[in-house]
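Engineer: Okay, here's the prediction I keep looking at, along with the sequence it came from:
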Amino acid sequence: HTTRPGLQLLRSAMMLGMPLCFVLALRYQSERETWAIFWLSPIVAMVVGWAALAEPLPPLHRWATAGAGGAMMGVIWAPSPPGGVTGAALSTAMGMSFVGYLALTRVLRAESTESKLLYTALGVFLALFPVLPFVWEWPTPRALAVMSAIGLVGLGGLWALDRALDSLPVSWSAPFAYAQGIWLMALLFAQSANVPASAIAAGGLALLIAAYSVQCDRPREVTVSGSVRRAAEGGRQRAPG
């Protein structure tokens, strides 16, 4: 159940927009160029949280954390200049879809996590189902296993993201996205034994950024998640007197 189905479906459209813009951008530029532009989005999300959601202006140390994370992702991807205006615009749209998803998740923090996960999937399903009969191919067992693994990992990631934004403002939680640099470095290790020193340095920087962010002061006004709030209210109702 949700009391805001329109915003739920708009948020789902942001989730569909990210991979759609990514696929289209690859027609005009390389994957590295696409990701390098996309990873400016956490910094933009901090601005949106302050300007559009009336969150407190992030302190300088949080801007420094986000800036270091953006530089780290640039080092890992080692981007060349964008191949053209179209590719850069699609990469930007991909990043803005991510920012929109973060902002709407924060706006919908009073909704249950279950409803948000359901509508995220439902909106994408409704958008893609009409074209499914024209492109359907039966998956091989290996492809089915890979898609199922992607679904499970994606479900866990979206659940964690929803829970984080239930409790923390966008401007506080967005820099944590740069911790993905650690996983990118691990992937580079798995793909090749010859890992560039720059990637190793960037992965180490990602670890320091994540650790430093944990040490940052929490904002004074943090809205607790809906489930925690409901549990607290239930406890008060059961208490004697």
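Structural biologist: Done, it's in.

Engineer: same for the longest helix belonging to the chain, what does it pack against?
Structural biologist: Counting by DSSP state H, the longest helix found in the chain is helix 141-167. Packing partners of helix 141-167 (3 or more CB pairs under 8 Å, 6 or more residues apart in numbering; DSSP states H and E): helix 85-107, helix 113-128. Every C-beta, even on glycine, is put in place using the N, C-alpha and C of the backbone.

Engineer: Now that helix: buried residues?
Structural biologist: The neighbour-count check on helix 141-167 (16 or more other CB atoms under 10 Å) flags Leu158, Leu161, Asp162, Arg163, Ala164, Leu165, Asp166 as buried.

Engineer: after it comes which helix or strand?
Structural biologist: Using DSSP states H and E, the helix or strand that follows helix 141-167 towards the C-terminus is helix 170-173.

Engineer: Pull the contacting residues for the closest residue in space to Val107 that isn't next to it in sequence.
Structural biologist: Of all residues not flanking Val107 in the chain, Leu7 sits nearest, at 6.6 Å (CB to CB, 6 or more residues apart in numbering). When contacts are counted by CB atoms under 8 Å, 6 or more residues apart in numbering, Leu7 touches Leu104, Val107, Leu108.

Engineer: Would you check how far apart Leu7 and Ser173 are?
Structural biologist: 19 Å (CB to CB, to the nearest Å).

Engineer: Could you do Met96 as well?
Structural biologist: 18 Å.

Engineer: Also Leu57?
Structural biologist: Counting by CB to CB, the gap from Leu57 to Ser173 is 16 Å.

Engineer: higher neighbour count, those two?
Structural biologist: Set side by side, Leu57 and Ser173 show more neighbours around Ser173, with 21 against 13, by other CB atoms under 10 Å.

Engineer: is it true that that one touches Asp162?
Structural biologist: No: counting by CB atoms under 8 Å, Ser173 stays clear of Asp162, with 11.1 Å between them.

Engineer: got a list of what the residue most central in space within the chain touches?
Structural biologist: The centroid of the chain falls nearest to Phe98 when counting by CA atoms, centre = their mean (5.9 Å). By CB under 8 Å, 6+ apart, the residues touching Phe98 are Met14, Met18, Phe38, Ser41, Ala45.

Engineer: in the protein, what spans have low per-residue confidence?
Structural biologist: Along the chain, the model assigns pLDDT under 70 to residues 78-83, 188, 191-204, 206-241.

Engineer: just the helices and strands packed on helix 141-167: most buried one?
Structural biologist: helix 85-107 (a mean of 21; mean count of other CB atoms under 10 Å).
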